[in-house]
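*Asks:* Test case, fold it:
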Amino acid sequence: MKFSVFQLSRKGGRLKNEDRMGYCYTREAGLFALADGMGGHPEGEVAAQLALQTLAGLFQREALPRLADPQRFLQDALLAAHQQLLRYAGERAMTDTPRTTMVACVLQGRHVYWAHCGDSRLYLLRQGQLLARTRDHSYAELQRSLDPAGPKRNRNVLFTCLGSPGRPVLDGGGPQRLWPGDRVLLCSDGLWSSVADADIARVLASAQPLADAVPALVQQALDAAGARSDNVTALALQWEAPEEAHEDAKDHGVGFSSTIQPAEAPPQAADEFDDEEIERSIREINEAIRRSAQRRPK
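*Replies:* Below is the predicted model of the structure:
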């Protein structure tokens with residue numbers, strides 16, 4: 001399996017960077033993921049990192065060297081990441097849960113599969129044409145689908161994410177057959193909120209390598225947003241046919257490699273917990289909130 005990949009993250013105008021991204025691979029499968037820790041809730045950067053670590057840990061365990069069902073893996077892995085965040089908050093008696101958006105894709109067998117929760121996006125382009133884009137789990141996207149010409153409101157208000165009370169909404173796509181030169185972009189809302197889809201497609205469709213195209217997109221987003229820029233993060237990959245691979249393409253052989261820092265403890269697989277355990281974690285968090293409220297001076 002051969003592909004080119006480049007990733008970049010910038011803090012922008014924020015005090016800290018709560019975005020995380022990374023990828024891991026075997027000789028027959030690759031996992032690429034990006035998470036955007038949510039402001040307004042505690043430890044957004046922890047939520048994003050823990051979600052990435054959960055996916056990477058499950059990928060390492062299940063890609064031997066292929067995944068049995070890539071789309072099922074993505075759905076189960078995102079749900080497992082959600083459960084890890086609930087457990088993290090419950091173990092620390094936190095009065096609010098760390099939360100994050102997430103988008104991830106798997107390359108396997110010359111196909112790409114993807115899944116997401118929240119408003120971090122995936123773009124798939126071929127010869128300058130946008131073949132697919134994830135649809136944000138936001139009220140603004142719902143409104144846009146009902147009335148494309150209507151006013152745009154509540155762009156940043158999501159109706160689901162990983163770590164929130166209740167089961168998250170997970171959407172997926174694929175398998176999409178890949179052809180030489182196809183490019184996939186994962187990005188946080190700090191990028192797409194400042195750069196139009198048409199401009200993203202134009203830059204990615206250019207002949208410049210990913211090592212130039214990705215920084216150009218990130219800088220364009222930073223310049224457009226100015227001093228109040230959100231964190232801007234992008235991870236892009238290009239599928240390479242073996243006989244036409246570029247010099248910077250990676251020829252991924254035997255074993256497992258990852259750019260994602262491993263977790264201290266192995267994550268639970270999705271089939272090792274159920275809705276009852278999720279609800280129990282939520283009850284524990286709610287009980288911690290109740291106890292904290294009782295301790296507050298009146």
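*Asks:* Count the neighbours of G40 for me.
*Replies:* Burial of G40 is recorded as 8 neighbouring residues (other C-beta atoms under 10 Å). (C-beta placed from N, C-alpha, C; glycine too.)
*Asks:* G173 too?
*Replies:* Applying other C-beta under 10 Å, I find that G173 has 19 neighbouring residues.
*Asks:* quick one, what contacts the residue lying closest to G39 once chain neighbours are set aside?
*Replies:* Leaving aside its chain neighbours, G39 sits nearest to E18 (6.9 Å; criterion: C-beta to C-beta, 6 or more residues apart in numbering). When contacts are counted by C-beta atoms under 8 Å, 6 or more residues apart in numbering, E18 is found next to 36-39, 44-45, 47-48, 231.
*Asks:* Then R202?
*Replies:* G128.
*Asks:* Quick check: it is in a helix.
*Replies:* Yes. Residue state for R202 (DSSP: H, G, I helix; E, B strand; the rest coil) corresponds to a helix.
*Asks:* I'd like the distance between it and V5.
*Replies:* 21 Å (C-beta to C-beta, to the nearest Å).
*Asks:* same thing with V195?
*Replies:* Counting by C-beta to C-beta - V195 and V5 are separated by 20 Å.
*Asks:* more neighbours, the two?
*Replies:* Of the pair V195 and V5, V195 is the one with more neighbours under other C-beta under 10 Å, namely 23 against 20.
*Asks:* ok, and the most crowded of the contacts of E18?
*Replies:* Result: A48 is most packed of the contacts of E18 (other C-beta under 10 Å), 34 neighbours.
*Asks:* The closest residue to L210 other than its chain neighbours in helix, strand or coil?
*Replies:* Closest residue to L210 apart from its sequence neighbours, by C-beta to C-beta, 6+ apart: F6 at 4.0 Å. Following three-state DSSP, the label given to F6 is strand.
*Asks:* quick one, what contacts F6?
*Replies:* 209-211, 213-214, 235-236.
*Asks:* how about JSON lines for those residues, with distance to Q220 added?
*Replies:* Compiled in JSON lines, the contacts of F6 are given as follows (distance: C-beta to C-beta, whole Å):
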{"residue": "P209", "distance to Q220": "17"}
{"residue": "L210", "distance to Q220": "15"}
{"residue": "A211", "distance to Q220": "16"}
{"residue": "A213", "distance to Q220": "11"}
{"residue": "V214", "distance to Q220": "11"}
{"residue": "L235", "distance to Q220": "16"}
{"residue": "A236", "distance to Q220": "14"}
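*Asks:* just the buried members of the residues you listed?
*Replies:* Buried members of these, scored by 16 or more other C-beta atoms under 10 Å, are 210, 213-214, 235-236.
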